[in-house]
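Peer 1: only geometry, no sequence info:
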Ligand SMILES: Nc1ncnc2c1ncn2[C@@H]1O[C@H](COP(=O)(O)OP(=O)(O)O)[C@@H](O)[C@H]1O
Ligand SMILES: [Mg+2]
């Protein structure tokens, strides 16, 4: 009892210290803007990075061009014009809509074009260009229900869907008081909810609504009839704060686009891509999407497994060590990682660590986060395995003059591995499933590709079913292989 | 006769529990010391303090003139290779076959070449009568066979002294003899040995000295004749009458 209390106090104290140090660190690295060199920086780099969430046709969506997946849409064409005027190359980074502004603040992207409306709240954390497109707001409904609704006020007592973090969510919250709102990240999920009668309508920009209606015969749209004031109707480009020189330069490009009415042309060419996308909605047609997703999912898992085992072994040894300066850090690490969700860890590595290392690739961040997470679980499995090897085995080795380390390597670990093999196998299989969380930072794993196919085909359920079956085939095959290996090992 | 092991005022405490209360004793080269005494009297702890598997609380343990109590783990590893130990529960490495059990430490600790280690191992297996079992895994052997392999494993390091902690206590009665025979041969070859055992016949035949240990002290020391035929201490008498009555 005495020991336990002591240990707990030490643990709390040290945890507090670590947190303190960390918060202090974050505080000091908040970027300081002495002078605005945003334009100069882009020109020096020779490339401008655009962040977008490509699930929002016709603004931005994924299509296959010459057999390759590509982000296209009006926003992409606007960005291309801007890059051209700046004399730099355009690079596109894909991520969840919710992550876009954080990516700007952490300098993962230079600008965000994602059908974003410059609201007052957003203006507090980022700078905006002039609006380049003015859209009306619509509500997507099921075709057979169209006559039931006139405008936003017809939905009293019903539920409508909105994209989380969007202008439409804001508008609906303010101007559709008697209506329940259901927020989802992806428009494709909202469409699915509508088609399966979970919601009665989706508040969306007119261009988006038209796109879905044109490509899905079960849908129709009505004018939402919101009271809109000033900028709230427009779509603009977001930049990190204090980027005046870059914003001014970009505004010149936008003026040109407006003067020539180029957005109309852009929307038309986006419509063409959408038409080719929906020509063939068979899932087989999209096999390259899924294949790429499988590849990434397996690659992430494989790398994470290897790192997880190596680090997990070290952490397990650390936790078993009698030296306090090794023991406690290992304990904190294991407890902390097991006590926080993987999703937050992934975001922390990408955005948090990204503050120290600007160009951290999403794939790298995702793999690192999953591997570090797995290491904690593997450490506990290994510790259990080591604990279950009789102490007499180490004593015998030590009595022969072998070092502790040698005894661990040659005698204890090989026996522990045999014992823990089944639990390790389970851990790997669950890793395949759990690694799907990296899709939130734009790693193109299987889940991400599932989203892409949903957006491209305007079909909600079929891609889900395909992804589910693929996951099952992978995990089932793997568990068979592991079982076989286990049986073989027990025979040795 | 040179001093191999010397213990001075050795104590060991686990928490509040004083397990060794000041032990003195000397083991000379070539001697066989048999330690007897009631269960819980501290015999195993004493033996484990000799090669520092257990860290003494106070006192000195000297091996071939070196005090071990102040040595680093690294230096202790070098000492331990010269002190073989045989455990009640055999403790053969269950992930290796018999031959690998014997060659592991010579290869890892003494950097012996595979071929040399194997030749030596086979010699030792022949000595304990188990050369035909070199490819077997421990769990396929009987207790008596496992213990003989364990003895051979300790011998593979060419130790100067062998420590035995109740090597026959976990064995079925019919297997006790084969293990004692190996130990007896070892003693006649001149090996220095410290043996904790309840086998009084073995003690009487093989021991140069018998130490009776009880309650963390060595209550009485003497030749087998002195201890078994003319015990002086009341507790020795009591213990012997109980053991011999069985
Ligand atoms: N690692 C340990 N931790 C705590 N107590 C121990 C430990 N090892 C032995 N003891 C205690 O020391 C005493 C003597 O044990 P031991 O040396 O095994 O006696 P013997 O071998 O004579 O039966 C016992 O009371 C036992 O409970
Ligand atoms: Mg004992």
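Peer 2: Sure, I can see it. Quantities reported herein were computed from a predicted structural model and do not represent experimental measurements. Ligands and ions are numbered 1, 2, ... in the order given.

Peer 1: going forward, measure contacts between C-alpha atoms and count neighbours the same way
Peer 2: OK.

Peer 1: what about the chain, any weak spots by pLDDT?
Peer 2: No chain was given, so I picked chain A. Applying pLDDT under 70 to chain A flags the ranges A:1-35, A:67, A:229-233, A:275-283, A:354, A:358, A:456, A:458-459, A:490-492.

Peer 1: try again with chain B
Peer 2: In chain B (pLDDT under 70), the answer is B:1, B:246.

Peer 1: what residues does it have near chain A?
Peer 2: When proximity is defined as C-alpha under 8 Å from any C-alpha of the partner chain, chain B approaches chain A at B:51, B:53, B:74, B:76-85, B:87, B:89, B:91-95, B:105, B:108-109, B:154, B:157.

Peer 1: now intersect these with the strands, please.
Peer 2: The strands, defined by DSSP state E, take in B:83-85 from those.

Peer 1: longest helix anywhere in chain B?
Peer 2: Criterion DSSP state H: the longest helix present in chain B is helix B:173-188.

Peer 1: compute the number of surrounding residues for residue A:100.
Peer 2: Residue A:100 has 25 neighbours, counted by other C-alpha atoms under 10 Å in any protein chain shown.

Peer 1: what does the one 3 residues further on give?
Peer 2: Counted by other C-alpha under 10 Å, the residues lying close to residue A:103 total 24.

Peer 1: what do you get for the one 3 residues further on?
Peer 2: Here the count is done by other C-alpha under 10 Å, and residue A:106 has 23 residues near it.

Peer 1: the nearest residue to it once chain neighbours are set aside and residue A:99, how far apart?
Peer 2: Closest residue to residue A:106 in three dimensions, ignoring its sequence neighbours and counting by C-alpha to C-alpha, 6 or more residues apart in numbering or on different chains: residue A:355, at 5.7 Å. Separation of residue A:355 from residue A:99 (C-alpha to C-alpha, to the nearest Å): 14 Å.

Peer 1: circling back: which strands or helices does the longest helix of chain B pack on?
Peer 2: When contacts are defined as 3 or more C-alpha pairs under 8 Å, 6 or more residues apart in numbering or on different chains; DSSP states H and E, helix B:173-188 packs onto helix B:143-155, helix B:200-206.

Peer 1: how far out from the middle of the chain is the shortest one?
Peer 2: It refers to helix B:200-206. Here helix B:200-206 is found 15 Å from its chain centre; the criterion is C-alpha atoms, centre = their mean, to the nearest Å.

Peer 1: what's the following helix or strand after it?
Peer 2: Counting by DSSP states H and E, the next helix or strand C-terminal to helix B:200-206 is strand B:209-214.

Peer 1: each with direction, which strands does that next one pair with?
Peer 2: According to DSSP bridges, strand B:209-214 forms sheet pairs with strand B:32-36 (parallel), strand B:217-222 (antiparallel).

Peer 1: using JSON lines, lay out those together with mean neighbour count and distance to residue A:207.
Peer 2: Putting those into JSON lines (neighbours: other C-alpha atoms under 10 Å in any protein chain shown; distance: least, C-alpha to C-alpha, whole Å) gives the following:
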{"stretch": "strand B:32-36", "mean neighbour count": "25", "distance to residue A:207": "94"}
{"stretch": "strand B:217-222", "mean neighbour count": "19", "distance to residue A:207": "94"}
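
Peer 1: any idea which of these gets closest to ligand 1?
Peer 2: When the strands paired with strand B:209-214 are compared by C-alpha to the nearest ligand atom, strand B:32-36 sits nearest ligand 1, at 8.4 Å.

Peer 1: from what I can see residue B:224 touches residue B:211, true?
Peer 2: No. Contact criterion C-alpha atoms under 8 Å: residue B:224 and residue B:211 do not qualify, at 9.2 Å.

Peer 1: now find how far off-centre stretch A:192-203 is within its chain.
Peer 2: For stretch A:192-203, the separation from the chain centroid amounts to 24 Å (computed by C-alpha atoms, centre = their mean).

Peer 1: stretch A:130-145 now?
Peer 2: Relative to the centre of its chain, stretch A:130-145 is centred 26 Å away, using C-alpha atoms, centre = their mean.

Peer 1: equivalent analysis for stretch B:114-123, please.
Peer 2: Stretch B:114-123 sits 23 Å away from the centroid of its parent chain (C-alpha atoms, centre = their mean).

Peer 1: buried set for it?
Peer 2: Using 16 or more other C-alpha atoms under 10 Å in any protein chain shown as the test for burial, stretch B:114-123 gives B:117-118, B:120-122.

Peer 1: also stretch A:304-322?
Peer 2: Residues of stretch A:304-322 classed as buried: A:304-305, A:307-309, A:311-320 (neighbour count, 16+ other C-alpha under 10 Å).

Peer 1: would JSON lines of the helices and strands packed on helix B:173-188 with mean neighbour count and distance to residue A:367 be doable?
Peer 2: Output for the helices and strands packed on helix B:173-188, formatted as JSON lines (neighbours: other C-alpha under 10 Å; distance: least, C-alpha to C-alpha, whole Å):
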{"stretch": "helix B:143-155", "mean neighbour count": "26", "distance to residue A:367": "46"}
{"stretch": "helix B:200-206", "mean neighbour count": "16", "distance to residue A:367": "64"}
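
Peer 1: of all these, which one comes closest to ligand 1?
Peer 2: Among the helices and strands packed on helix B:173-188, helix B:200-206 sits nearest to ligand 1 (C-alpha to the nearest ligand atom), with 15.6 Å.

Peer 1: and that closest one, what does it pack onto?
Peer 2: If you count contacts as 3+ C-alpha pairs under 8 Å, 6+ apart, helix B:200-206 packs onto helix B:173-188, helix B:224-229.

Peer 1: hmm, try it at 10 Å
Peer 2: For helix B:200-206, the helices and strands in contact under the criterion 3 or more C-alpha pairs under 10 Å, 6 or more residues apart in numbering or on different chains; DSSP states H and E are strand B:32-36, helix B:173-188, strand B:209-214, helix B:224-229, helix B:234-245.

Peer 1: correct me, but residue A:152 touches residue A:173?
Peer 2: No. Contact criterion C-alpha atoms under 10 Å: residue A:152 and residue A:173 do not qualify, at 11.5 Å.

Peer 1: what touches both of the two?
Peer 2: Shared contacts of residue A:152 and residue A:173 (C-alpha atoms under 10 Å, 6 or more residues apart in numbering or on different chains): residue A:179.

Peer 1: of the two, which one has the most company?
Peer 2: Shown here are residue A:152 and residue A:173; by other C-alpha under 10 Å, residue A:152 has more neighbours (21 against 15).

Peer 1: that one: what's it in contact with?
Peer 2: Neighbour list for residue A:152: A:138-139, A:160, A:172, A:175-176, A:179, A:201, A:203, A:222-226 [criterion: C-alpha under 10 Å, 6+ apart].

Peer 1: same check, this time on residue A:136
Peer 2: A:204-207, A:223-226, A:228, A:233-234 are the contacts of residue A:136 under C-alpha under 10 Å, 6+ apart.

Peer 1: let's go with 6 Å and repeat that
Peer 2: Shown in contact with residue A:136 (C-alpha atoms under 6 Å, 6 or more residues apart in numbering or on different chains): residue A:206.

Peer 1: residue numbers of chain A in contact with chain B?
Peer 2: When proximity is defined as C-alpha under 6 Å from any C-alpha of the partner chain, chain A approaches chain B at A:392-393, A:399-401.

Peer 1: now, which of those residues sits nearest ligand 1?
Peer 2: Nearest to ligand 1 among the residues of chain A next to chain B, with distances taken as C-alpha to the nearest ligand atom, is residue A:392, at 12.3 Å.
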